[in-house]
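Peer 1: Have a look; sequence and predicted model below, questions after that.
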Amino acid sequence: MDFAILALATWRITSLLYTEDGPYMMLARLRAKLGVYYDDHSQRQGRNEIAKAFICPACLSVWVGGAVALSCVVLPAWVYLPLALSAVTTIVEGVMPNGKS
C-alpha cells in the first residue's frame, strides 16, 4: 500500500511541476526561474541542466521519485496520501467523459 501511495504521489508531484501553472502562476514562475522557456514554435526549452529536467516528464519523475523515496526515511508514507488521492482524481477525470452519462 505504501508503494502505491508513493508512486501516485510521485506522479502527481511530477505532473504539477511539469504541466500545471498552479495558483497565482507559482509553478509556471518556478519553471521560468529555473530556466524553462518557450521557443518561437511554443516548444519547451531549457537554459541549463536543471531546466532540461523540467522539460522531460520521464527525467523529472526520476528526481521526484528519488526525493520522495529519500523523504520516507523521516516521513511516513501516509504524508503523501493527499497527493496520491489527487493523482487518482486527476487520472479518473482524464479517463471519464466530462460528466456525460
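Peer 2: The structure has been received and is ready for your questions.
Peer 1: all strands in the chain, in order from the N-terminus.
Peer 2: 36-38, 44-46 (DSSP state E).
Peer 1: Distance from the first one to the middle of the chain?
Peer 2: Taking CA atoms, centre = their mean, to the nearest Å, the mean C-alpha location of strand 36-38 is offset from the chain mean by 17 Å.
Peer 1: middle-most residue in this structure, spatially?
Peer 2: Closest to where the C-alpha atoms of the chain average out (CA atoms, centre = their mean) is Thr14, at 1.8 Å.
Peer 1: pLDDT wise, what is the closest residue to that residue other than its chain neighbours at?
Peer 2: Distances taken as CB to CB, 6 or more residues apart in numbering place Ser61 nearest to Thr14, at 4.4 Å, with adjacent residues excluded. C-beta here means a position set from N, CA and C on the backbone, and glycine is covered the same way. Looking at Ser61, its pLDDT reads 96.
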